[in-house]
Structure formats: structure tokens, C-alpha cells
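[1] What shape does this take:
(one chain, ligands or ions: 1)
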Amino acid sequence: MEMSNINCSTSTDCDLRVQKLQQQISVMRKEIKNLRQHADSAVREQRKSLAALQSVVASMKEDGRLKDVKADPLPTGRTVTSQALEKGVIQTAPIGYIESCFSSKNGTPRQPTICSLSRAVLKINKSIFNNPEHSLIGLDQYSHVWIIFVFHKNGHVSCKAKVKPPRLNGVKTGVFSTRTPHRPNAIGLTLAKLEIIKGDTVYLSGIDMIQGTPVLDIKPYIPDYDSPKGKRNQLDTEESANQDQAEPAAVVNDSEKKNTMKGDVLSGNLAIPKITIGLTEEEKYLTDNTNFESQITVLADKNASCDTEVDAIHQTPNEQKMLSALAEVKSYISQSGAFSEAAVENTAIQSYCATADPCKDEPYKCNEHVVYDEASNTTIASWIRASPVSSLEVRFTPHAERDLNAFEPPYQAELGKPVFRYLKSADEAKAAIKGVLSADPRSVYRRTRCQDQLFYFTLDTAHITCWFGEGFAEVLRIKAVHN
Ligand SMILES: C[S@@+](CC[C@H](N)C(=O)[O-])C[C@H]1O[C@@H](n2cnc3c(N)ncnc32)[C@H](O)[C@@H]1O
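    Numbering: from 1, shown residues only. This is a model prediction of the structure:
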């Protein structure tokens, strides 16, 4: 704003000028006031941001991420602080990156079982091990491996406590009851088939990870550890483990041991372990007492009243130890003929064999929300198997069939013809496409709001165009992509 000069010839003129100046001054005052207000609010915002930053720094210091503690060097030059580890803060470095037949999230199977023909390659990074191939020694003895990876293309880091898995078709459930990529720590877990290992490189199939996915770890899949056992199996294993533990192989030979045991049993001097935790007062009294027969009776009675296998499983470890000791005793007694077969049959051990109706005893195992699998003694949410989203019939137009048949497997590369990089034939590609589409890969939004729109995805070097109708997906066109 420009200030006028107060030089004026007449008094009226002068008055007018003064008036004008006063108006200008008043406008300027208003502007200054506004500026002050702006400045004040900017300062307040700055203070708030500073306070927030200070609290982040404080919490990082508290959980060890910003603490100057002695760091243990890792071979890769990374460092990890023991304090941070104790707080669950880890510094990760990918052991390698997935080269996948899926280049983007769209159309990538939601679980590896959806498309067993999907393929990926993982080369162990030389920055992790000087000799990466050494880290894979022995892994070829396993048919399947767990791949632990980072959902690096999540796009945003926010995660919600409740999510809408596509298979629930818009219904919300807790994030931890799903396999959503959007989790507090963007960690994925895939059970993949291990095809072959060549040097430092692992070839996988049955995968659901996209190109460039950073892999944090590989672990062998070991059904003995990773797959829960059915009740009968579990008991068999425990019994044999207990027997193994009870036999000090090198010290006493079998016949010496049997003789000693028999003698002790018959003389009432058998050293049954004195386990009292988890026992009733009566049981404690009896285990303190060297009266072996009384102990047998108490435990047999206790287990006779345990009329389901499920209850037997819930025995305390000490009770189980006691019972395993009894199992051993039983076998020697039955050999020595000290007890009649009928009496032996009545012991607690036999109650293990009782069959249970899980629905009767544990109703949580059988209701409309839960599927119980007796073979593995596991329950899963029913929507996993009986999804409200039904699987689709997959069709190919004659045009799409022709497109697909034009592709060649990698080893038959011919100039000018589209070539697969991972898939071995057009038939494999067709089966893989069917796997992907039959599981309805659309998001809930697309499924409900954009039903009539074309859907595109890439598999290996093929760019696929399809559309969805009521209960089916139809492949319209397949073009080669060169990447
Ligand atoms: C539902 S998640 C399940 C992954 C894994 N099997 C699990 O249970 O943790 C699979 C989906 O994650 C997406 N995805 C795969 N790799 C990804 C990555 N690197 N970053 C972000 N999303 C990815 C794909 O859309 C795929 O369909």
C-alpha cells in the first residue's frame, strides 16, 4: 500500500487527504492484526509438531531404537542392539528378492494353494552370506518351505484392527483372524513347493508373492512340527517319546532292566517319580506313601472318571509323566502276570483310547462359525471353506485360446513368438489362469460396484484380459508382455 504525501494547498484539500490517510492506516492495522494471528497460529502448530516429534524420539529411545548402546556387528555390516531385540525391534535385511510370474498384485492368487503352477525364483543375496549356496545345504531334503516376506507393495502403512477379507465379501473381521497384507507389521507367510535348488538359487512353485518381494527368511516345512497332530497321533507320539526317555539305552541292557523292574515291583520298591504338582491332597498323600498299589488305584480311578480323550489331553504334564511311568509299569506287570489282564485293562492308560465327540464336549469346536478337523484336531473359521464368494467357472474364447497357443515354452524360443519365462507350456498357462480366476481375484469393491468392467492381470509374460458374468469368468484376450 502506498502512503500519500500530506502536502496540500487548501484546508479542505488537507482534510480530505488526512481522512484518506486515516483510512489507509486503519486498513494497514487490520492487515497487521491478521498477520499477527497467522503468525501466532503458525507458531502454535510448530510447537505442537515439535512436541509430537519429541514424544516420538522419547518413545524410540525408550524402546531402544535410538539408544546408543553397544552394537553387535552382523556379517552384513548391519547392526542389532540386544536392547532393541528384547523390545521386539529388529533390523531386517532381505535374504533375497522374489522373481515371480506375477508382476503386480492384481490377479496374484490370495493363497499359494490357489495356483500350484505359479512359479518364482529366489537367489540368496551375497551381502548376507559370503557363500550364499552354503546356507541352502540340506534344504533340498524338504519338499516344501515357508517363505517369510515383506508386503513391500502395500502402498500405505496404515492398518486397521478390523479388515474385510475378499472371501468374506465385505464382512469385517479382526485383522489377526485373516491373512490380509495390511497388518501392523507387513509380514507375509507362504508355504511354497520347493522345486529345485541350484547353487545359491531356490526355485519355487505354488506361490502368491509378486515380483520384487523382499524375502526375510526361508524355513523348511516340517509336518511333524508345523501340522497339529490328531489326538490319537499325539498320544502315540507322546507314549513313544516317554518310552524312549524311560529307556537308558547304554547303561542297562533290556533284560537286566526288566529283571530289576520286576523285582522292584514285586517287592514294592519301585521308584515311581514323586510328582505332586497338580495332584489333589489325597493323591499327594498317596504319592508320598510308598504304597505302590494305592498309587495305581488313585491314578486309575482319576482317569476312569476322565471319560473323554479331550480330558486326557488336558492332564497336567506331571500327571502325564506319572501316567507314562504307569504305562511302563503296566507293561512289566502284564509280562510278569502280577495283575490280571482285566485289571490292567482298567488302568488309566486305557482311558486314553476313549473316543470323544468333540461337538458334545467342546461345543466351540462345532458351530456354524467353525469347522473342526478331526484328523489334525484343529478348528478353522467356516468362511475359509464355505466362503460367501463362490468359485467361478473359467472359460476361454476361441480368440483367447489362439492367443495362448501362440506362446512357446522358454526352451523352444522362436524368433518373433511370445515366450513364457516360468510356465512350461500353453496348457500349464491355461491351468494357472483357471486357478487364478476360479478363486475370483476381484476386490469386494470391483465385485460389487464394477461388475461389468474388464479385468486385467499379468501371468508370466502374458497380459490377460477377461470379464466376469454370473458364476463365471471369461478370458477374452492374451497378449505377450516384454519386461
Ligand atoms: C492375502 S496375501 C497372503 C500372503 C501369504 N500367503 C500370507 O498368508 O501371509 C496374498 C496377496 O498379497 C498380495 N501381495 C503379494 N506380494 C505382495 C507384496 N510384495 N506386497 C504387497 N502385496 C503383495 C497379492 O495381492 C496377493 O494376492
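
[2] so where is the protein shaky, pLDDT-wise?
    Regions of the chain meeting the criterion pLDDT under 70 cover residues 1-8, 57-59, 61-80, 231-366, 411-415, 483.

[3] biggest helix in it by residues?
    Secondary structure of the chain per DSSP state H: the longest helix is helix 11-62.

[4] Report how many residues lie close to residue 149.
    Residue 149: 26 surrounding residues under other Cβ atoms under 10 Å. All C-beta atoms are positioned from the backbone trio N, CA, C, and that covers glycine.

[5] contacting residues for it?
    By Cβ atoms under 8 Å, 6 or more residues apart in numbering, the contact list for residue 149 reads 98, 187-190, 209, 213-216.

[6] Kindly identify which of the residues you listed also come near the ligand.
    188-190, 209, 213 (Cβ under 6 Å from any ligand atom).

[7] just the buried members of those?
    For these, a burial check counting by 16 or more other Cβ atoms under 10 Å picks out 188, 190, 209, 213.

[8] name the element the third one belongs to?
    With elements taken from DSSP states H and E, nothing contains residue 209; it lies in neither a helix nor a strand.

[9] repeat for the first one
    Residue 188 belongs to strand 187-198 when elements are defined using DSSP H and E.

[10] in that strand, what counts as buried?
    Buried residues in strand 187-198, counted by 16+ other Cβ under 10 Å: 188, 190-194, 197.

[11] Same check on stretch 177-186?
    Buried residues in stretch 177-186, counted by 16+ other Cβ under 10 Å: 178-183.

[12] and which of those is nearest to residue 434?
    residue 179 (22.0 Å; Cβ to Cβ).

[13] I'd assumed residue 109 was in contact with the closest one.
    No: with contact defined as Cβ atoms under 8 Å, residue 179 and residue 109 do not form a contacting pair (11.6 Å).

[14] all helices for the stretch 151-300 of the chain, in order.
    In the stretch 151-300 of the chain, the segments counted as helices under DSSP state H, counting those that start in this stretch are 223-226, 231-246, 254-267, 281-288, 292-304.

[15] can I get the CA coordinates of the shortest one in PDB?
    When you say that, I think you mean helix 223-226. What follows is helix 223-226 as a C-alpha-only set of coordinates in PDB (Å, rounded to 0.1, in the frame of the first residue of the first chain):
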ATOM      1  CA  PRO A 223       4.700 -81.500   9.200                       C
ATOM      2  CA  ASP A 224       5.900 -83.100  12.400                       C
ATOM      3  CA  TYR A 225       6.300 -79.600  13.800                       C
ATOM      4  CA  ASP A 226       4.100 -77.500  11.700                       C
END
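
[16] near the ligand, anything from that helix?
    No: shown here: helix 223-226 not in contact with the ligand (Cβ under 6 Å from any ligand atom), separated by at least 14.0 Å.

[17] Tell me the residues on the chain that lie near the ligand, please.
    So far as Cβ under 6 Å from any ligand atom goes, the chain lies against the ligand at 105, 108-111, 151-154, 179, 181, 188-190, 208-210, 213.

[18] list the contacts for the spatially closest residue to residue 482 that is not a sequence neighbour?
    Once flanking residues are discounted, residue 482 sits nearest to residue 461: 7.1 Å by Cβ to Cβ, 6 or more residues apart in numbering. By Cβ under 8 Å, 6+ apart, residue 461 lies in contact with 407, 418-421, 480-483.

[19] change it to 7 Å
    Residue 461 sits next to 418-421, 480-481 when contact means Cβ atoms under 7 Å, 6 or more residues apart in numbering.

[20] Roughly how far does it sit from the ligand?
    Distance from residue 461 to the ligand, counting by Cβ to the nearest ligand atom, to the nearest Å: 19 Å.

[21] Please report how far that residue lies from residue 221.
    Note on residue 461: its distance to residue 221, by Cβ to Cβ, to the nearest Å, is 30 Å.

[22] Look through the stretch 301-450 of the chain and state the residue closest to the ligand.
    residue 441 (7.3 Å; Cβ to the nearest ligand atom).

[23] can you confirm that residue is in a helix?
    No: assigned with DSSP: H, G, I helix; E, B strand; the rest coil, residue 441 falls outside any helix and is coil.

[24] Which residue, other than its chain neighbours, is closest to it?
    Nearest residue to residue 441, sequence neighbours excluded (Cβ to Cβ, 6+ apart): residue 107, at 5.3 Å.

[25] That neighbour: neighbouring residues, count only.
    21.

[26] quick one, what contacts it?
    Contacts for residue 107 (Cβ under 7 Å, 6+ apart) come out as 436, 441, 457-459.

[27] Repeat that for residue 381.
    Listed by Cβ under 7 Å, 6+ apart, the contact set of residue 381 reads 177, 369-370.

[28] Could you tell me the end-to-end distance of stretch 206-225?
    Stretch 206-225 has an end-to-end distance of 21 Å (criterion: Cα to Cα, to the nearest Å).

[29] Name the residues that touch that stretch?
    With contacts defined as Cβ under 7 Å, 6+ apart, stretch 206-225 is touched by 92, 94-100, 102-105, 108-113, 116, 118, 120, 122, 139, 142, 144-150, 152-153, 188, 190-193, 202.

[30] Give me the PyMOL select line for the residues you listed, limited to the buried ones.
    With 16+ other Cβ under 10 Å as the criterion, this PyMOL line picks the buried residues out of these:
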select buried, resi 94+95+96+97+98+99+100+102+103+108+109+110+112+116+118+120+122+144+145+146+147+148+149+150+152+188+190+191+192+193+202
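
[31] hang on, the earlier thing: out of the contacts of residue 107, which are inside strands?
    Members of the contacts of residue 107 lying in strands (criterion: DSSP state E): 457-459.

[32] out of those residues, who's nearest residue 446?
    For these, the nearest to residue 446 is residue 457 (11.9 Å; Cβ to Cβ).

[33] Quick check: bridge partners of the closest one?
    In this structure, residue 457 bridges to residue 464 when assessed by DSSP bridges.

[34] who's in contact with it?
    Each residue near residue 457 by Cβ under 7 Å, 6+ apart is listed here: 106-107, 441, 464.

[35] Need phi/psi at residue 451.
    Main-chain torsions, residue 451, degrees, to the nearest 10: phi -60, psi -40.

[36] what's the burial count for it?
    12.

[37] Would you check that it makes contact with residue 468?
    Yes: the pair residue 451 / residue 468 is scored as a contact, 6.5 Å apart, by Cβ atoms under 7 Å.

[38] a strand runs through residue 116, doesn't it?
    No: per three-state DSSP, residue 116 lies outside any strand segment and is coil.

[39] Pull up the gap between the closest residue to it other than its chain neighbours and residue 460, please.
    Leaving aside its chain neighbours, residue 116 sits nearest to residue 206 (4.5 Å; criterion: Cβ to Cβ, 6+ apart). Remark: distance between residue 206 and residue 460 (Cβ to Cβ) = 15 Å.

[40] now do residue 18
    Applying Cβ to Cβ, the value for residue 18 to residue 460 is 85 Å.

[41] Looking at those two, which has the bigger crowd around it?
    Counted by other Cβ under 10 Å, residue 18 and residue 460 do not tie: residue 460 has more neighbours, with 25 against 13.

[42] List the contacts of the nearest residue to the more buried one once chain neighbours are set aside.
    Leaving aside its chain neighbours, residue 460 sits nearest to residue 101 (4.4 Å; criterion: Cβ to Cβ, 6+ apart). Listed by Cβ under 7 Å, 6+ apart, the contact set of residue 101 reads 118-120, 422-423, 459-460.
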